[in-house]
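Participant: The amino acid sequence is not available; the structure is as follows:
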């Protein structure tokens, strides 16, 4: 699970989240987008449109593109890249 | 809604905004910074001291110290705050993290809204696993997490190479670095080399380390397709000739978990545009930027601009311009009387010219000439998305242009390109480039699409409730 976490990075305290009902460990200071990447959860939602490819994941990483929208603690359309993880956070991705 | 008063409001808490705030605050001015991020420091200092570049970078050290001092200063930093708009009386409308809307009425305003990445679309660029190079760097710096075990980096300019170095230094594998532009562009003019010797030395050493580690670095090479089944699995590259045409038979498939792409940066000018500040198109400064005089005053009385929005040029330039804007505002307030301060301002102005020279070199690395972009557009299939939010394809844009819709506003009406939730944040520059390529008009002659309040997405209920609509 920690395969993508960089070794010498100073991490905050360990927190537990729930992603689509599954418990996931993370560290404070990490963004939700990063934690989802570390978990291999790359596709975060599907577009309501009908193009050839509908799966979408985080893209710009800095709050501009709005592609990484997920539901956080019941609030829809939160940008994962602009959200720091918190103990007990519940995340639902509109996976494809 | 009553507006909160303050001497100076600064939009953007990156290096430029923070540097200006410090200068002002030291002279007793009441300053408020409105910043959209969790912490001030902008994109450059994301991750703070957790993630140093590993190179003794003076600007990085100065920036980190600046942000530390900011935390202990009386400057009122509003984090996770989106500025939604501005009216003629300089009154700002903003939304905090909970979506609560509030108004700020500053005597003077500094815009330091930074820049975002630019992109050139290709088939499959919306697949999960295709990330902006900036996103890759932010994952590493802020969260200490690699986007994948192995990453392919592509695009144009100095930044993708820098990100490739970040990946490797932090234990990730870089499959290859592909750059659209020819290597000859990298050779700096002698005057610039002398003036920024350390910067070029650092770039040279980083590149040498990549090459020594066996990373394939190729110029005149483009990503022509990303493939996958709901997520990225494979990337196809191809060599391109001097004019930007794909060399037949040069296509090569690479299995890939993650692809980082970026084509330089574009200034976040929307708030300045909404405020009525004069804008100018200058490719060597990064495209559309806010027009400023040498004191960093914009065309609107009482509004200053600093950092990437006056010219894309990096953190060192932002530091200089932030300080200069601070002094310039102090002078307007009648608080700058000593000769020492006037001398400091003169020094900063000279320093700014040096930084602008570097900015021109930096932007040249990632500025695709119109003919080259035209060659790319010609090679792209119709189904390539241009506007990711509204799912507007290149085919749709081509059709609209063929029907005579020759401005971004007209194409937007015809296709919804740029009308989605990101409000053109990603596709505005792509559409401008496509319009220039297909109409043959210079970019400077294509009008920007207009911007409207709110410039950031906000729940309409919140806005209506608070404003009393």
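Facilitator: Sure, I can see it. Everything numeric in this text was worked out from a predicted model, so none of it was measured.
Participant: Point out where chain A drops to low pLDDT.
Facilitator: Low-confidence segments of chain A, defined by pLDDT under 70: A:1-2, A:49-53, A:95-96.
Participant: Repeat the analysis, applying 50 as the threshold.
Facilitator: Scanning chain A for pLDDT under 50 picks out A:1, A:96.
Participant: which stretches of the stretch 201-350 of chain B form strands?
Facilitator: Using DSSP state E, counting those that start in this stretch, the strands of the stretch 201-350 of chain B run over B:216-219, B:221-228, B:232-239, B:252-255, B:258-262, B:265-267, B:279-282, B:287-290, B:303-305.
Participant: what separates residue B:33 from chain A, distance-wise?
Facilitator: To chain A, residue B:33 is 17 Å away according to Cβ to the nearest Cβ, to the nearest Å. (Each C-beta comes from the backbone N, C-alpha and C, glycine too.)
Participant: For the spatially closest residue to residue B:278 that is not a sequence neighbour, give its distance to chain A.
Facilitator: Among residues not flanking residue B:278 along the chain, residue B:299 sits closest, at 3.5 Å (Cβ to Cβ, 6 or more residues apart in numbering or on different chains). Applying Cβ to the nearest Cβ, the value for residue B:299 to chain A is 25 Å.
Participant: Equivalent analysis for residue B:10, please.
Facilitator: Using Cβ to the nearest Cβ, residue B:10 is found at 18 Å from chain A.
Participant: what's the answer for residue B:8, then?
Facilitator: As judged by Cβ to the nearest Cβ, residue B:8 and chain A stand 24 Å apart.
Participant: quick one: what helix or strand has that residue in it?
Facilitator: Using DSSP states H and E, residue B:8 sits in strand B:4-11.
Participant: list the buried ones in that strand?
Facilitator: Buried residues in strand B:4-11, counted by 16 or more other Cβ atoms under 10 Å in any protein chain shown: B:6-11.
Participant: helix or strand for the nearest residue to residue B:322 once chain neighbours are set aside, which one?
Facilitator: Excluding the flanking residues, the one nearest residue B:322 by Cβ to Cβ, 6+ apart is residue B:19, at 2.8 Å. According to DSSP H and E, residue B:19 maps onto helix B:15-26.
Participant: and the next element down the chain from that helix?
Facilitator: By DSSP H and E, the next helix or strand past helix B:15-26 is strand B:31-34.
Participant: What is that following strand packed up against?
Facilitator: strand B:4-11, helix B:15-26, strand B:76-78, strand B:101-111 (3 or more Cβ pairs under 8 Å, 6 or more residues apart in numbering or on different chains; DSSP states H and E).
Participant: if we can go back for a sec, confidence score at the residue nearest to residue B:322?
Facilitator: Here, the pLDDT recorded for residue B:19 equals 98.
Participant: Please apply the same query to the one 3 residues further on.
Facilitator: Per-residue pLDDT puts residue B:22 at 98.
Participant: thinking again about what came up before, average pLDDT across the strand holding residue B:8?
Facilitator: The predicted model assigns strand B:4-11 a mean pLDDT of 97.
Participant: Can you pull out the residues in contact with that strand?
Facilitator: B:17, B:20-21, B:24, B:29-34, B:76, B:83, B:92, B:102-113, B:271, B:329, B:333 (Cβ atoms under 8 Å, 6 or more residues apart in numbering or on different chains).
Participant: make it 6 Å
Facilitator: Residues from elsewhere that reach strand B:4-11 (Cβ atoms under 6 Å, 6 or more residues apart in numbering or on different chains): B:17, B:20-21, B:24, B:29-34, B:83, B:104-111, B:113.
Participant: now stretch B:394-408
Facilitator: B:380, B:382, B:384, B:386, B:411, B:414-415, B:431, B:434, B:438-439, B:447, B:449.
Participant: Quote the end-to-end distance of it.
Facilitator: One end of stretch B:394-408 to the other measures 14 Å (Cα to Cα, to the nearest Å).
Participant: Quick one: distance of it to the chain centre.
Facilitator: 26 Å (Cα atoms, centre = their mean, to the nearest Å).
Participant: Tell me which two in the contacts of stretch B:394-408 are the farthest apart.
Facilitator: Greatest spatial distance among the contacts of stretch B:394-408 (Cβ to Cβ): B:382 and B:447, at 25.7 Å.
Participant: how far away is the closest residue to residue A:77 other than its chain neighbours from residue B:388?
Facilitator: Counting by Cβ to Cβ, 6+ apart, residue A:77 lies nearest to residue A:69, which is 4.6 Å off, once chain neighbours are set aside. Going from residue A:69 to residue B:388 by Cβ to Cβ, to the nearest Å gives 12 Å.
Participant: Please apply the same query to residue B:163.
Facilitator: Distance of residue B:163 to residue B:388, computed by Cβ to Cβ: 21 Å.
Participant: Then residue B:19?
Facilitator: 34 Å.
Participant: what does residue B:23 give?
Facilitator: Shown here: residue B:23 relative to residue B:388, a distance of 39 Å by Cβ to Cβ.
Participant: Show me which of those two is the more surrounded one.
Facilitator: residue B:388 (26 against 23; other Cβ atoms under 10 Å in any protein chain shown).
Participant: Give me the pLDDT value at the more buried one.
Facilitator: On the pLDDT scale, residue B:388 is placed at 95.
Participant: Quick one: residues contacting it.
Facilitator: B:126, B:426.
Participant: Apply 8 Å and report the result again.
Facilitator: Counting by Cβ under 8 Å, 6+ apart, residue B:388 touches A:56, A:59, A:65, A:67, B:126, B:420, B:422, B:426-427.
Participant: pretty sure the residue nearest to residue B:278 contacts residue B:280?
Facilitator: No: using Cβ atoms under 8 Å, residue B:299 makes no contact with residue B:280, being 10.1 Å away.
Participant: Now do the shared contacts for those two.
Facilitator: With Cβ under 8 Å, 6+ apart as the test, residue B:299 and residue B:280 both reach residue B:291.
Participant: now the helices: where do they sit in the stretch 201-350 of chain B?
Facilitator: Remark: helices assigned in the stretch 201-350 of chain B by DSSP state H, counting those that start in this stretch are B:270-275, B:315-332, B:339-364.
Participant: how far away is residue B:265 from residue B:66?
Facilitator: Using Cβ to Cβ, we find residue B:265 at a distance of 21 Å from residue B:66.
Participant: more crowded one of the two?
Facilitator: A direct count of neighbours by other Cβ under 10 Å for residue B:265 and residue B:66 places residue B:265 higher, at 25 against 20.
Participant: what's the closest non-adjacent residue to that one?
Facilitator: In space, and not counting its chain neighbours, residue B:265 is closest to residue B:115: 4.2 Å by Cβ to Cβ, 6+ apart.
Participant: OK, contacts around the one you found?
Facilitator: B:265-268, B:286, B:308-309, B:312.
Participant: beta partners of it?
Facilitator: residue B:267 (DSSP bridges).
Participant: Which pLDDT value belongs to it?
Facilitator: Reported pLDDT at residue B:115 in the predicted model: 98.
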